[in-house]
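A.B. asks: Dropping the sequence and predicted coords here.
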Amino acid sequence: HDGVRINPSILAADFANMEASLARIQGADFVHVDVMDNHFVPNLTFGPQMVRRIQETSTVPLDVHLMIEAPERWAPEYAELGAASVTFHLEASAEPVTLARRLRAMGARAGVAVKPATPVENLYDVLDEFDQILVMTVEPGFGGQSFMPETMPKLTALAAEARRRGSAVWLQVDGGIGESTIAQAAEAGADTFVAGSAVFGASDPDAAITSLRAAAAS
Ligand code: DX5
Ligand code: ZN
């Protein structure tokens, strides 16, 4: 896969036909699962009970994105139910490194996410405590928003730091990623791309994944 990962967000899928939706993204690297609590973000989705059934149903590993307060309380449950990757928000976490270590000890990849206005300099010295850093390219909370190009300098800087330190951390982008924006995110240093409406809004989601992958690699 040329080091490019495409993670469709099921936020844009049909919640009443989740099994069928999952069957249409067999070419994905991970299924991106947006957990929202109506506190950290002004929207509400689902919790561990729903995610457990998605985990049991999906043949593609889960990439859980927690847009919630108190991730220390909830994140371990998602590692426990078998999510391949669990990402919590830096803004919501009192002890991000401690939580990442706990998730890794449970066998999950540990991710930390930052909202568009949150600086990333404080992460430079702890890059290797995480398996992925998610730079939000919209304000978290809703699918279908427009990509914010002003977030790209943070990716460029993170990519340079990762290279300088020989870090294998993955750099993920999420929000407004599609045919017309994925190349600039890849150019800035992203290697892992979340896409909701661009995949599930397409008539053939697996074909959309293939063409996003090609656009990111070009
Ligand atoms: C937004 C979510 C995203 C969302 C992306 O808060 O974190 O994962 O599903 O949707 P699109 O790709 O439609 O912008
Ligand atoms: Zn997300």
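C.D. replies: Sure, I can see it. Numbering: from 1, shown residues only. Ligands and ions are numbered 1, 2, ... in the order given.

A.B. asks: What sits closest to Leu62 if chain neighbours are left out?
C.D. replies: In space, and not counting its chain neighbours, Leu62 is closest to Ala83: 4.4 Å by Cβ to Cβ, 6 or more residues apart in numbering. C-beta: built from backbone N, CA, C; applies to glycine.

A.B. asks: wait, His89
C.D. replies: Excluding the flanking residues, the one nearest His89 by Cβ to Cβ, 6+ apart is Ala113, at 4.9 Å.

A.B. asks: Following element in sequence after the helix or strand encompassing the one you found, please.
C.D. replies: For Ala113, the host element (DSSP states H and E) is strand 109-114. Counting by DSSP H and E, the next helix or strand C-terminal to strand 109-114 is strand 132-136.

A.B. asks: Contact partners for the closest residue to ligand 2 within the chain?
C.D. replies: Among the residues of the chain, His65 lies nearest to ligand 2; the distance is 3.7 Å by Cβ to the ion. Applying Cβ atoms under 8 Å, 6 or more residues apart in numbering to His65 gives the contacts 9, 32-35, 87, 111, 113, 134, 174, 194.

A.B. asks: Most neighbours out of those, which is it?
C.D. replies: Greatest neighbour count in the contacts of His65, by other Cβ atoms under 10 Å, goes to Thr87: 31 neighbours.

A.B. asks: Touching, the residue nearest to Leu62 and Val60? I think so.
C.D. replies: No. Counting by Cβ atoms under 8 Å, Ala83 stays clear of Val60, with 11.7 Å between them.

A.B. asks: Between those two, which has more neighbouring residues?
C.D. replies: Neighbour count, other Cβ under 10 Å: between Ala83 and Val60, Ala83 has more, with 29 against 16.

A.B. asks: rewinding a little: average pLDDT for the strand holding Ala113, rounded please.
C.D. replies: In this model, strand 109-114 carries a mean pLDDT of 99.

A.B. asks: Equivalent analysis for stretch 178-192, please.
C.D. replies: Mean predicted confidence for stretch 178-192 is 98.

A.B. asks: So it, near ligand 2 or not?
C.D. replies: No. Using Cβ under 5 Å from the ion, stretch 178-192 stays clear of ligand 2, coming no nearer than 11.5 Å.

A.B. asks: Flag every buried residue along that stretch.
C.D. replies: 178, 181-182, 185-186, 188-192 (16 or more other Cβ atoms under 10 Å).

A.B. asks: how long is it end to end?
C.D. replies: From its first residue to its last, stretch 178-192 covers 13 Å (Cα to Cα, to the nearest Å).

A.B. asks: what sits up against it?
C.D. replies: Contact with stretch 178-192 is made by 3-5, 7, 29, 132, 135, 137, 147, 149, 152-153, 155-156, 158-160, 162, 170-173, 177, 193, 195, 197-198, 211-212, 215-218, as judged by Cβ under 8 Å, 6+ apart.

A.B. asks: any bit of stretch 129-143 sitting next to ligand 2?
C.D. replies: No. Shown here: stretch 129-143 not in contact with ligand 2 (Cβ under 5 Å from the ion), separated by at least 6.8 Å.
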